[in-house]
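>>> Using only what follows, build the 3D model:
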Amino acid sequence: MLSFLKAFEGPIWIALGILISLLAYNESIGSFREPGVGFVGLASGLFLIVIGSVMTISRRENAQQEGKGETKSAMQTSWARPSFKFIYTLALLALYALFLNLLGYVITTFFLMFGLFFDPVKRRWLPPLLASLASVAVTYTVFEIWLKSQLPRGILPWW
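Modelled structure (predicted):
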């Protein structure tokens, strides 16, 4: 059942992206300088279409390589299973939603990004740490300073 769903994973994301893009297009898109209600939805839908296309193309390339007799050199661990990664990501997002108002944007987003960037197979701490700091710094600068939108303060009221 899992391999059946995995075969249609890319096309499902493409279809979902098309649906979101069409629904967003029916709303006011606006312009890049003055985005309307449907602007973010359209951008998200187009992003899903691109991701689905990449997944579909890479799946076909992997199937062709396996057909030629080439084997994968990746370690077969529990981390490599798609179901574990999916549940792990959902758990991180649920914890993010629970603690966002309590701890604030900066702390919660840092821990979320670190959890998403960290690879327990490689066990390297510095690259995910730096990527998490950069993600928080860039998004905080864009949303709080440039766009002047209020992000949850949490336990750091001066932030």
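
>>> Show me what the host helix or strand of Ser58 packs onto, helices and strands only.
Element membership of Ser58, judged by DSSP states H and E, is helix 39-67. Helices and strands touching helix 39-67, by 3 or more C-beta pairs under 8 Å, 6 or more residues apart in numbering; DSSP states H and E, are helix 9-25. C-beta coordinates here come from the backbone N, C-alpha and C atoms, glycine included.

>>> Taking helix 39-67 as reference, get the angle to the helix it packs on.
170 degrees (axes from the mean of the first three to the mean of the last three C-alpha atoms, to 10 degrees).

>>> in which helix or strand would I find the most centrally placed residue in the chain?
For the chain, the residue nearest the mean C-alpha position is Leu116 (8.6 Å; C-alpha atoms, centre = their mean). Per DSSP H and E, Leu116 falls inside helix 105-117.

>>> go on, Pro157?
Per DSSP H and E, there is no helix or strand for Pro157.

>>> Equivalent analysis for Ala97, please.
Counting by DSSP H and E, Ala97 is found in helix 82-103.

>>> domain assignment for the chain?
Residue ranges for the domains of the chain, per automatic domain parsing: 1-73, 78-159.

>>> and the ones you listed, which one is worst for confidence?
Mean pLDDT is lowest for domain 1-73 among the domains of the chain, at a mean of 79.

>>> next one: that one to chain centre, how far?
12 Å (C-alpha atoms, centre = their mean, to the nearest Å).

>>> what's the answer for stretch 126-138, then?
15 Å.

>>> Hmm, the residue nearest to the centre of the chain is touching Thr89, no?
Yes. Assessed by C-beta atoms under 8 Å, Leu116 is found in contact with Thr89 at 7.0 Å.

>>> quick revisit: what sits up against the helix holding Leu116?
For helix 105-117, the surrounding residues in contact (C-beta atoms under 8 Å, 6 or more residues apart in numbering) are 88-89, 92-93, 95-96, 99-100, 127-129, 131-133, 135-136, 139-140, 151-156, 159.

>>> Could you point out the helix or strand that follows that helix?
Next element after helix 105-117 (DSSP H and E): helix 126-140.

>>> Taking their axis directions, that following helix and helix 105-117 sit at what angle?
Using the same axes, to 10 degrees: helix 126-140 against helix 105-117 is 140 degrees.

>>> Renumber starting at 158 from here on
Happy to do that; since the first residue is 158 now, the last one works out to helix 283-297.

>>> Which strands or helices does helix 283-297 pack on?
So helix 283-297, by 3+ C-beta pairs under 8 Å, 6+ apart, packs with helix 262-274.
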